[in-house]
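after the sequence you'll find the predicted model.
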Amino acid sequence: MNTDLHGGYQLMKEIVSLVREADLEQCEIMIFPSFIHLKTFDNTINGSGIVLGAQNCHFAPSGAYTGEISLEMLKSIPVKYVLIGHSERRQYFAETNESVAQKTKAAVEQEVHAIVCVGETLEERQSEKHFEVVGLQVRTALEGLSAQELQSIVIAYEPVWAIGTGLTASADQAQEMHAYIRGLVQESHGSPAAEAIRILYGGSVKPANATELFSQADIDGGLIGGASLKAEDFLGIIRA
Ligand code: PGA
């Protein structure tokens with residue numbers, strides 16, 4: 001929940017011009033602004049290769065859900081990706097593994113790519129429950145989806161204690177959890193699905209730590225919060 005209409009537009013213009021200057025063809029870049037920016041940004045990113053996503057959605061196509069935004073509405077912008085179950089949604093807005101699964105299923109049905117966010121709290125890690133917690137989050141979100149449906153899904157591992165805190169999981173801690181998540185996908189959906197699925201790391205990613213994180217075998221990219229509010233920093237991470 002950052003930037004007003006004008007500030008967001010200025011930031012987006014800066015990012016687009018830096019991305020255009022750089023040679024970034026091997027990299028898929030997505031922007032997930034607040035809802036108010038989506039329509040304007042659809043014009044601003046035109047031709048830059050940047051893809052638009054939303055930070056949340058409702059599971060129903062339409063109806064009496066005042067204040068909510070449906071996947072059908074998002075598609076009409078058009079939006080290609082949607083974040084589901086970001087830890088702040090889970091923490092402050094009562095999202096559960098079940099509501100995350102419901103939204104993920106709706107996104108698959110609506111052909112919007114879901115970025116399913118998972119991650120443990122500090123307390124859960126300290127009491128060595130992190131694999132159990134993240135395992136349940138991943139299994140519940142993916143339950144009932146076919147291997148083919150899984151092709152439209154991206155998983156983002158974001159330890160809650162690393163989001164916006166300046167604390168980053170070490171590359172080893174992140175890789176360990178990413179490998180575990182890929183193993184879960186292998187168990188539930190088979191090896192080709194596990195190899196193909198993209199698993200992003202999020203939580204205080206900065207230009208200074210991005211290269212080490214992204215060079216890990218099972219880390220396929222990043223979900224960037226604070227650092228994306230500075231165009232130069234965001235570009236530094238994209239380059240990594
Ligand atoms: P951060 O945020 O990069 O500021 O830690 C990550 C996120 O909000 O997903």
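Good, I have the coordinates.

list the contacts for the residue in the chain that the ligand sits nearest to?
Relative to the ligand, the nearest point of the chain is residue 225 (2.1 Å; C-beta to the nearest ligand atom). Backbone N, C-alpha and C define where each C-beta goes, glycine included. By C-beta atoms under 8 Å, 6 or more residues apart in numbering, the residues touching residue 225 are 163, 164, 202.

and if you look at residue 108?
With contacts defined as C-beta under 8 Å, 6+ apart, residue 108 is in contact with 114, 145, 149, 152, 153.

repeat that for residue 45.
Taking C-beta under 8 Å, 6+ apart as the contact definition, residue 45 lies against 12, 16, 31, 51, 52.

tell me how far it lies from residue 5.
In this structure, residue 45 lies at 16 Å from residue 5, with C-beta to C-beta, to the nearest Å as the measure.

one more: residue 33?
Following C-beta to C-beta, the distance that separates residue 33 from residue 5 is 10 Å.

could I get the buried residue list for stretch 155-164?
Burial within stretch 155-164, assessed by neighbour count using 16 or more other C-beta atoms under 10 Å, is assigned to 155, 156, 157, 158, 159, 160, 161, 162, 163.

is it positioned near the ligand?
Yes: judged by C-beta under 6 Å from any ligand atom, stretch 155-164 comes into contact with the ligand at 158, 163, 164.

most neighbours among the contacts of residue 108, which one?
In terms of neighbours by other C-beta atoms under 10 Å, the contacts of residue 108 top out with residue 114 at 27 neighbours.

contacts for the lengthiest helix in the chain, please.
Counting residues, the longest helix in the chain under DSSP state H turns out to be helix 171-189. Identification of contacts with helix 171-189 by C-beta under 8 Å, 6+ apart yields 118, 130-131, 134-135, 138-139, 142-143, 145-147, 150, 155, 157, 159, 169, 193-195, 197, 199, 201, 212-213, 215-219.

list buried residues within those residues.
Burial of the contacts of helix 171-189 was assessed by neighbour count (16+ other C-beta under 10 Å); the buried members are 118, 130-131, 134-135, 138, 142, 145, 150, 155, 157, 159, 169, 193-194, 197, 199, 201, 213, 216, 218-219.

okay, and which of those map to strands?
Secondary structure defined by DSSP state E assigns 118, 155, 157, 199, 201 of the buried ones among the contacts of helix 171-189 to strands.

how near is the first one to residue 43?
When distances are taken as C-beta to C-beta, residue 118 and residue 43 turn out to be 33 Å apart.

and what of the third one?
For residue 157, the distance to residue 43 equals 33 Å [C-beta to C-beta].

same thing with the last one?
Spatial separation of residue 201 from residue 43 under the definition C-beta to C-beta is 31 Å.

tell me the residue in this structure that is farthest from the middle.
When distances to the mean C-alpha position of the chain are computed (C-alpha atoms, centre = their mean), the maximum falls on residue 64, with 27.5 Å.

need the residues of this protein near the ligand, please.
If contact is defined as C-beta under 6 Å from any ligand atom, the residues of the chain in contact with the ligand are 158, 163, 164, 202, 203, 204, 205, 223, 224, 225, 226, 227.
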